[in-house]
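Colleague: A structural model of the following input is requested.
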Amino acid sequence: MLHLFFAVAFSAVPLTLYIPPIRSLNLFVEIIEDVWKESSAHTLRVYPRLRSACSRIFNRIFFFNTSSSR
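Modeller: Have a look, this model is predicted:
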């Protein structure tokens with residue numbers, strides 16, 4: 001059992017190299033927040049247009065097929 005413990009422990013050590021330090025993680029989170037804030041103005045303007053375009057497409061697909069079958 002002790003051999004298994006050491007095997008798992010030493011195989012997990014290289015994985016710690018892939019985890020960034022907290023300083024780098026904070027910078028990453030800050031950049032993501034800035035991108036989110038800058039893109040929210042565009043998203044709020046595009047979302048209603050995208051929603052109405054999708055509803056028009058779906059209405060044409062579904063209602064065109066039901067009216068042509070009559």
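
Colleague: Report how many residues lie close to residue 12.
Modeller: Counted with other C-beta atoms under 10 Å, the neighbours of residue 12 add up to 9. All C-beta atoms are positioned from the backbone trio N, CA, C, and that covers glycine.

Colleague: got a pLDDT number for it?
Modeller: As summarised for this prediction, residue 12 has a pLDDT of 70.

Colleague: Quick check: which element contains it?
Modeller: helix 2-12 (DSSP states H and E).

Colleague: Name the next helix or strand following that helix along the chain.
Modeller: helix 22-68.

Colleague: Counting by contacts, list what that next one packs against.
Modeller: With contacts defined as 3 or more C-beta pairs under 8 Å, 6 or more residues apart in numbering; DSSP states H and E, helix 22-68 has no helix or strand neighbours.

Colleague: how far is it from where the chain is centred?
Modeller: Here helix 22-68 is found 12 Å from its chain centre; the criterion is C-alpha atoms, centre = their mean, to the nearest Å.

Colleague: rewinding a little: can I get the helix holding residue 12 in CSV, CA atoms only?
Modeller: What follows is helix 2-12, C-alpha atoms only, in CSV (Å, rounded to 0.1, in the frame of the first residue of the first chain):
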residue,chain,number,x,y,z
LEU,A,2,2.9,2.3,0.8
HIS,A,3,4.3,1.6,-2.7
LEU,A,4,1.1,2.6,-4.3
PHE,A,5,1.0,5.9,-2.2
PHE,A,6,4.5,6.9,-3.4
ALA,A,7,3.8,5.9,-7.0
VAL,A,8,0.7,8.2,-7.0
ALA,A,9,2.4,11.0,-5.2
PHE,A,10,5.5,11.1,-7.5
SER,A,11,3.3,10.8,-10.6
ALA,A,12,1.3,13.8,-9.5
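
Colleague: helices or strands next to that helix in the packing?
Modeller: Judged by 3+ C-beta pairs under 8 Å, 6+ apart, helix 2-12 is in contact with no other helix or strand.
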